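A.B. asks: Quick one, structure for this:
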Amino acid sequence: MGSLVAMGIAGAQEPRSLVQDLHALVHAKKFADLEAKVDALDPQDPNWKAILELLVEGGEQQGAYDYLKRKAKHVLDTNRDVETRATAAFALATGHWRSGQLSEAKAAFGEVARIRPDSDLAQAATGNIHEINNLVIGQRAPRFVAATTTGEHLNSDQLRGKVLLVHFWASW
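C.D. replies: A predicted model of the protein is given here:
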């Protein structure tokens, strides 16, 4: 049935979108081809939000974020669409963060909140700034108060100097 959905009236396959083509290049690890196609795009192309997400994925696969940062900065500086610019700032921040450039990451995440202050993306950017500032390896854990399964209150100050195993879990 799935193949019938993709068939046109004359029986030909529907053409793949630009984003689908780029996604295939990311998964095939053909990064030079990906970059060549992305470099040819108009900065006002309406697909930039999805393309930036693909560039983040490509950066993760390569463990290199220079191309992502360069393209995200270009889109941020030249695109006129507010949503696209916020996405570009978020992608730029992600590239900086994963490259260990924390001050640049915080600045770019701050730009997301400035561009689209009431958006989900701005909320995520603000959370990432909090994480960069407060949840770094080797840094003291943030103070907390929690209820135990017996209803008692547990304060992080009570645990100072003790060995503690923290098990994070969630169900959603």
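A.B. asks: okay, and for the protein, where does confidence drop off?
C.D. replies: Within the chain, the stretches with pLDDT under 70 are 1-15.
A.B. asks: buried set for the longest helix belonging to the chain?
C.D. replies: Ranked by residue count, the top helix of the chain under DSSP state H comes out as helix 82-98. Within helix 82-98, the residues that count as buried by 16 or more other Cβ atoms under 10 Å are 84-98. All C-beta spots, glycine's among them, are computed from the backbone N, C-alpha and C.
A.B. asks: Could you do stretch 119-130 as well?
C.D. replies: Buried residues in stretch 119-130, counted by 16+ other Cβ under 10 Å: S119, L121, A122, A125, N128, I129.
A.B. asks: residues in contact with the longest helix of the chain?
C.D. replies: Here helix 82-98 makes contact (Cβ atoms under 8 Å, 6 or more residues apart in numbering) with 48-49, 52-53, 55-56, 59-60, 65-66, 68-69, 72-73, 75-76, 79, 102, 104-109, 111-112, 115-116, 119, 121-122, 124-125, 128, 132.
A.B. asks: State the next helix or strand along the chain beyond that helix.
C.D. replies: helix 102-115 (DSSP states H and E).
A.B. asks: ends of stretch 112-128, how far apart?
C.D. replies: 11 Å (Cα to Cα, to the nearest Å).
A.B. asks: and what of stretch 159-172?
C.D. replies: Chord length of stretch 159-172, first to last residue, is 29 Å (Cα to Cα).
A.B. asks: Now for K37, how many residues are close by?
C.D. replies: 15 (other Cβ atoms under 10 Å).
A.B. asks: you'd agree it is up against A24?
C.D. replies: No - contact status for K37 versus A24: not in contact, 10.8 Å apart, counting by Cβ atoms under 8 Å.
A.B. asks: Show the contacting residues for K69.
C.D. replies: Applying Cβ under 8 Å, 6+ apart, one finds that K69 lies in contact with L92, G95, H96, S99.
A.B. asks: Can you lay out those residues as JSON lines showing distance to R140?
C.D. replies: Below are the contacts of K69 laid out as JSON lines (distance: Cβ to Cβ, whole Å):
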{"residue": "L92", "distance to R140": "29"}
{"residue": "G95", "distance to R140": "28"}
{"residue": "H96", "distance to R140": "24"}
{"residue": "S99", "distance to R140": "25"}
